[in-house]
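Engineer: Give me a model of this one.
(chains A and B)
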There are 2 protein chains.
Amino acid sequence: MNRNIYISNTPLEDALKLWSAALEARGCLAPLPPEAIPVDDSLGRVTAEAVFAPRSSPFYNAAAMDGIAVSFASAAGASEAAPVRLREGDEYVCVNTGRPIPDGFDAVIMIEDVHRAGPGVVEIIEPVTPWKHIRPIGEDIVATELILPEGHLIRPIDVGAMLATGLTRVSVRRIPKALVIPTGDELVQPGEPVSPGNIVEFNGRVLAGYLREWGVEAARSEIVRDDTQLLEAAISRAVSGFDIVITNAGASAGTKDNTASVIAALGEVIVHGVNIKPGKPVVLGIVGGRPVIGLPGYPVSAVLTMRLFARGLAYAMRGLPEPRQETASAMLARPVSSKMGVNEFIRVKLGCVGENLMATPSGRGAGAVMSLVQADGILVVPAGSEGIGAGEKVTVELLRGIDEIENTIVAIGSHDNALDALANFLHVWRDVPRGLPRGGSTTRLSSAHVGSMGGILAIKRGEAHMAGTHLLDEETGEYNIAFIKRFLPDTPLLLVNLVYRTQGLLVPKGNPKGIRGFEDLARPDVTFINRQRGAGTRLLTDMYLKKLGIAPESVRGYDREEYTHMTVASAVASGSADCGLAILAAARALGLDFIPVAGERYDLIIPKAYADDAKIRALLSVIRENREFRETVERMGGYDMRDCGRVMYEQ
Amino acid sequence: MNRNIYISNTPLEDALKLWSAALEARGCLAPLPPEAIPVDDSLGRVTAEAVFAPRSSPFYNAAAMDGIAVSFASAAGASEAAPVRLREGDEYVCVNTGRPIPDGFDAVIMIEDVHRAGPGVVEIIEPVTPWKHIRPIGEDIVATELILPEGHLIRPIDVGAMLATGLTRVSVRRIPKALVIPTGDELVQPGEPVSPGNIVEFNGRVLAGYLREWGVEAARSEIVRDDTQLLEAAISRAVSGFDIVITNAGASAGTKDNTASVIAALGEVIVHGVNIKPGKPVVLGIVGGRPVIGLPGYPVSAVLTMRLFARGLAYAMRGLPEPRQETASAMLARPVSSKMGVNEFIRVKLGCVGENLMATPSGRGAGAVMSLVQADGILVVPAGSEGIGAGEKVTVELLRGIDEIENTIVAIGSHDNALDALANFLHVWRDVPRGLPRGGSTTRLSSAHVGSMGGILAIKRGEAHMAGTHLLDEETGEYNIAFIKRFLPDTPLLLVNLVYRTQGLLVPKGNPKGIRGFEDLARPDVTFINRQRGAGTRLLTDMYLKKLGIAPESVRGYDREEYTHMTVASAVASGSADCGLAILAAARALGLDFIPVAGERYDLIIPKAYADDAKIRALLSVIRENREFRETVERMGGYDMRDCGRVMYEQ
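Structural biologist: Numbering: from 1, shown residues only, chains lettered A, B, ... in the order given. Reported below is the predicted structural model:
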């Protein structure tokens, strides 16, 4: 258990300053050297010097209209009363737009204003001013004038302007080259067989992808195993051919975390350890005059730290200022706590609910790549704060376009697999007129799984457009309505059915422990996997245990909580639990056996304030009218769609 | 003079509807067929179907921390008073983050909480909860769950999520292929010799560039000469291999404008002629089931019409909604008039002056590629409007990022070549700390040349951060101050000198007409080129003519006005005028002879409200401290920089 204990906790601001100063001192923040390339290949490149026009545009006096070129003097005094006749050849010539004005002529009359008066003779009934409808030499740009300044990102129209003035080559900054070095004994390449302990090498691809988005030519090396000498060799080779070197992982303080010591041996470690979460163990170093960044292994940590310490560097090398991250002001839906002295980067989901853009903190696990796939933004809790309260205004860095966020339905509440199917149908629904009217986006459904009661409370707080709920009122035997009357008495809303479904105990294929029902949960050889408090399924569990007189303490695993039907199913499939309560669709998905316990109704609470919103109307259309959606859900198993889309209750 | 007279004037909205319906009817708006590609190549592609996880992530129960794996039962009851000792092997094993949890263990204790009590023995002083610091199977995603919906643009993190769950191939939409066909006898390829009447083929490059930005694989064909049969052959070939065909130009009604008739012969013309300006003669057609768009020849018209009629199509083929054009709300600085019944697209410059984002209409010439290079946005004047008044709020489609616009100094007033040099220095100035602090942009200087008086009025109306001015008060012989006192009496401001410069008469090399001074402007064989009203140089001209008793009417060319020193120089260089009044730098740039007339002072008016703005401070630093800037201006000729940056007057 040898550990590198010298990992520091440098404040983020200091780390950025130290890093910036070290890079500056070694010239790493200067734009890369120029290279001359054909203008035809220059789209997206950055000018290395100011570009001046070698030739005027236009470079000859050109007709700006289809018509006839004349001498303005010859048409002087023309009027309807006293038309002037001109002869073709010496008094006028026909010109098309763009053609040169022949010598001796100094105005163009539009074809629409020219009247034929015979073969080769026209009549003019208005005088013409000199240089009318002529684009004089240099009208657009005069030779020697500036076309583009230095440090300009070349757009399609800029390519046109350069070519128009006769340029064929342009001096641009060389594109920065980066090498991403994946390290670790546990890594296997995609497609190779895996066994427990293996991790597919995907981080390298993700990191190279972001570098490409920042305009860097990013390559990936072979996987380097956890061996100091191999890593030394890889980094030494890399710094001779690349402008930026990224390693991942090995930055931390574990027994195999060699990055910092290797960088120290080959060059200099500027910072090792920053007070950020996630991402603390990042290593910032210089080897052979080139920046070498050792990123932590967890994907979320790696992506966030690379954004912090490599993005500005990439743009500086290109000769561009780092673009500001797009941000939005949002209201925090749930409080977040954070450790004092740590800059915490929290993934959030965003949705426009009513007047507010609501930000709901999502998963904080650094290993969860899906949490970053699903995140809409990043909220930074500064080091000086212990957290942020619900309802406070926060600034969120956007990970998606605001368009897409505005077209997102925020669903908070109970989870059902039919919601996932619905999300996919909404996203592509063919019956939504696509057409060409500009702008717009398909509808996104963003679900947070906090249980039925959590959903009702989210509606109460105005955080969600809808909430999935399946709460059985024991007294009336009715679903959801009693809870709405109690917790949302003043909210005008629709209760719309989505599905009837079957809950049951999930057990491994063949039911090795012979579980027949809830009564077996008290057995000492049976481990249960539970759902979180507030989940309708949890309430169902508690109701059955109470009926049977089984004390929760006597159920092994009662304390272990999962948040979705699928994670319950996964625990049973992997053998870490013997059974759990969930819907049939989850059992089917993972090939488990299913012991039916109860049928129940799963409804959507939709406040009337949002019922006319285009997004919600799209959703209602899908569940009411889309046959393919129904068939898809029915195929998942255990669903009855007879009331799908029907309003079960209204207030 | 055969002309195609059937060009229509279809309202834009109808044109979009007709086009959309025609495309829809032929399936051209459906996403292109899917193709399976390696996940490694899928960045930026669009999913053709929903992507589900084939394997859970993690797919084994994994340590979430470096530490020891234990059975939670074995550490039950541990406390400082009653520590529990565990033996390596059967009671604990060491695990690094990410390693699998061996059978029989169900919790991880962080290394920081483990105390060595001897070789192979550790001591625990706190109990541990089951599954603590373990990432259970499927924590991130459970096998069979949705990773990405259909129609999703794949980002780097999405690539990671797919690989993490064991996917190696993904079904994505084929990339649309477009062919741009440049047509015209006048076209020459870049680098080929040109003579009057030739145009470098740059439009094709510009159009292909925009198509690429919309995610289309865009190719360019050889130039097709103005010949019906050649064009027919080119379009027929193109529609068999490409999803979208674009021709440019030949859309109009001139003698050589064949596009519409060729499309009609090969397929169907849906619309020919739309009530937009510029871009009216656009042809929208279908040949062999493929969209064929005939764009007008002028670059600005071509770009704007392609945006209107091909952008949504490109995105629809990719399986994506067309992204909304980024817009901003701005205040119109100057009124624009527009023809009733025409949707006019007006290029504007934008700048944040004080509280307002000001939009200043710039050039309207459809041929002016530089006007589009310099434009910051597009203002649409709807067909139902005859114009928009100054000071009205308008919505502008942005052509640059709002970052860049916020970092733009708006200079309105007199033109001097030193301003162009200044623009380039500001854009790259090396002394501005670049570093890594995130966000930000270098400073842009956007100059509108409306003359000294125009500049003073722009300051008065709050439209500009600064105004260049060189107005001589005949009574006092002093520059600018009298005019400031008269027109800006209540505006606290700084008057900062930029240069002293020499104005003179520009004549062709060798002065063939023997011009000696203003007295020669009355000669019948001398053609003058004038500056616009309100320009300081125009006032100087009028002063000299008055002094010499020369009536403006007797000066040939007095009515022909140009807006900059360089366009005056260009008129003389091209022989369309014999002389004009301008600065020495303009004569030098185009190799003209120069007859000095007067020295004058050129100052910048800077309202104090903006003097502390970072942009203006950057500008003052450059003109006061940057030696390279001074040298560059002095090399241009005729400049005296002795007071450059000095405050000449303050109020």
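Engineer: rest of the way, CA atoms for contacts and neighbours
Structural biologist: Noted.
Engineer: Check the offset of whatever helix or strand A:A569 lives in from the chain's centre.
Structural biologist: Using DSSP states H and E, A:A569 falls within helix A:565-574. Its chain's C-alpha centre lies 28 Å from the corresponding centre of helix A:565-574 when counted by CA atoms, centre = their mean, to the nearest Å.
Engineer: Contacts for it, please.
Structural biologist: A:415-416, A:506-508, A:529-531, A:562, A:577-583, A:586-587, A:590, A:592, B:60, B:136-139, B:142 (CA atoms under 8 Å, 6 or more residues apart in numbering or on different chains).
Engineer: Show me the residues you listed that map onto strands.
Structural biologist: A:506-507, A:529-531, A:562, A:579-583 (DSSP state E).
Engineer: now A:C579, which residues is it bridged with?
Structural biologist: A:F528 (DSSP bridges).
Engineer: For it, give its distance to chain B.
Structural biologist: Distance, A:C579 to chain B, by CA to the nearest CA, to the nearest Å: 15 Å.
Engineer: surely that residue meets A:F528?
Structural biologist: Yes - under the criterion of CA atoms under 8 Å, A:C579 makes contact with A:F528 at 5.1 Å.
Engineer: okay, these two: which has more neighbours?
Structural biologist: Taking other CA atoms under 10 Å in any protein chain shown, A:C579 and A:F528 do not tie; A:C579 has more neighbours (34 against 27).
Engineer: Mind pulling up the pLDDT for the more buried one?
Structural biologist: At A:C579, the model reports a pLDDT of 96.
Engineer: Kindly report the same for the one 3 residues further on.
Structural biologist: As summarised for this prediction, A:A582 has a pLDDT of 95.
Engineer: got the contact list for it?
Structural biologist: A:503-506, A:537, A:565, A:568-569.
Engineer: got CSV for those residues, with pLDDT and neighbour count too?
Structural biologist: Below are these laid out as CSV (pLDDT from 0 to 100; neighbours: other CA atoms under 10 Å in any protein chain shown):
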residue, pLDDT, neighbour count
A:Q503, 94, 23
A:G504, 96, 23
A:L505, 97, 25
A:L506, 97, 34
A:T537, 94, 27
A:H565, 91, 24
A:V568, 94, 27
A:A569, 95, 34
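Engineer: The closest residue to A:D643 other than its chain neighbours is in what secondary structure piece?
Structural biologist: Distances taken as CA to CA, 6 or more residues apart in numbering or on different chains place A:N497 nearest to A:D643, at 6.0 Å, with adjacent residues excluded. Here A:N497, judged by DSSP H and E, is contained in strand A:493-507.
Engineer: Could you tell me how far that strand lies from the centre of the chain?
Structural biologist: 31 Å.
Engineer: pull the CA atoms of that strand into PDB?
Structural biologist: Extracted as PDB, the C-alpha positions of strand A:493-507 are listed here (Å, rounded to 0.1, in the frame of the first residue of the first chain):
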ATOM      1  CA  LEU A 493     -54.400  20.000 -13.000                       C
ATOM      2  CA  LEU A 494     -55.200  17.000 -15.200                       C
ATOM      3  CA  LEU A 495     -54.500  13.500 -14.100                       C
ATOM      4  CA  VAL A 496     -53.900  11.600 -17.300                       C
ATOM      5  CA  ASN A 497     -53.400   7.800 -17.300                       C
ATOM      6  CA  LEU A 498     -50.300   6.500 -19.000                       C
ATOM      7  CA  VAL A 499     -50.500   2.700 -18.200                       C
ATOM      8  CA  TYR A 500     -51.900   0.000 -15.900                       C
ATOM      9  CA  ARG A 501     -48.900  -2.200 -14.900                       C
ATOM     10  CA  THR A 502     -48.100  -5.200 -12.800                       C
ATOM     11  CA  GLN A 503     -45.700  -5.000  -9.900                       C
ATOM     12  CA  GLY A 504     -44.100  -8.100  -8.600                       C
ATOM     13  CA  LEU A 505     -41.100  -9.700  -7.000                       C
ATOM     14  CA  LEU A 506     -38.200 -10.100  -9.300                       C
ATOM     15  CA  VAL A 507     -36.100 -13.200  -8.700                       C
END
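Engineer: on contacts alone, who are the packing partners of it?
Structural biologist: The contact analysis (3 or more CA pairs under 8 Å, 6 or more residues apart in numbering or on different chains; DSSP states H and E) places strand A:493-507 against helix A:565-574, strand A:579-583, helix A:584-589, strand A:593-607, helix A:608-611, strand A:639-640, strand A:647-650.
Engineer: low-scoring pLDDT stretches of the stretch 251-400 of chain A, where are they?
Structural biologist: Across the stretch 251-400 of chain A, the ranges flagged by pLDDT under 70 are A:251-256, A:363-367.
Engineer: give me the residue from it nearest chain B.
Structural biologist: Taking CA to the nearest CA as the measure, the stretch 251-400 of chain A has A:R324 as its residue closest to chain B, at 3.7 Å.
Engineer: Next, count neighbours for that residue.
Structural biologist: 15.
Engineer: give me phi/psi at it?
Structural biologist: Dihedral pair for A:R324: phi -60, psi 140, per degrees, to the nearest 10.
Engineer: For A:A143, see how far away it is.
Structural biologist: To A:A143, A:R324 is 35 Å away according to CA to CA, to the nearest Å.
Engineer: and what of A:I68?
Structural biologist: Distance from A:I68 to A:A143, by CA to CA: 28 Å.
Engineer: now A:D185
Structural biologist: From A:D185 to A:A143 the distance is 62 Å (CA to CA).
Engineer: Among those two, which residue is more densely surrounded?
Structural biologist: Ranked by neighbour count (other CA under 10 Å), A:D185 and A:A143 place A:A143 first, with 24 against 14.
Engineer: For the more buried one, list the residues it contacts.
Structural biologist: A:52-57, A:165, B:589-590.
Engineer: what does the stretch 201-350 of chain A have sitting close to chain B?
Structural biologist: Selection of the stretch 201-350 of chain A residues close to chain B by CA under 8 Å from any CA of the partner chain yields A:201-203, A:205-210, A:254-255, A:312-313, A:316, A:320-325.
Engineer: 7 Å - rerun?
Structural biologist: Neighbours of chain B within the stretch 201-350 of chain A, by CA under 7 Å from any CA of the partner chain: A:202-203, A:205-206, A:209-210, A:254, A:312-313, A:321-325.
Engineer: Is there a quick ChimeraX command that grabs whichever of those residues are buried?
Structural biologist: Of these, the buried ones go into a single ChimeraX selection, burial set by 16 or more other CA atoms under 10 Å in any protein chain shown:
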select /A:202,203,205,206,209,210,254,312,313,321,322,323
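Engineer: Which ones among the residues of the stretch 201-350 of chain A next to chain B map onto helices?
Structural biologist: A:203, A:205-206, A:209-210, A:312-313 (DSSP state H).
Engineer: wait, which of those is closest to A:G389?
Structural biologist: Nearest to A:G389 among those is A:G312, at 31.5 Å by CA to CA.
Engineer: isn't that closest one right up against A:R324?
Structural biologist: No - the criterion here is CA atoms under 7 Å, and A:G312 misses it with A:R324 at 10.0 Å.
Engineer: just to revisit the earlier point, ok, the residue nearest to A:D643 to chain B distance?
Structural biologist: 23 Å.
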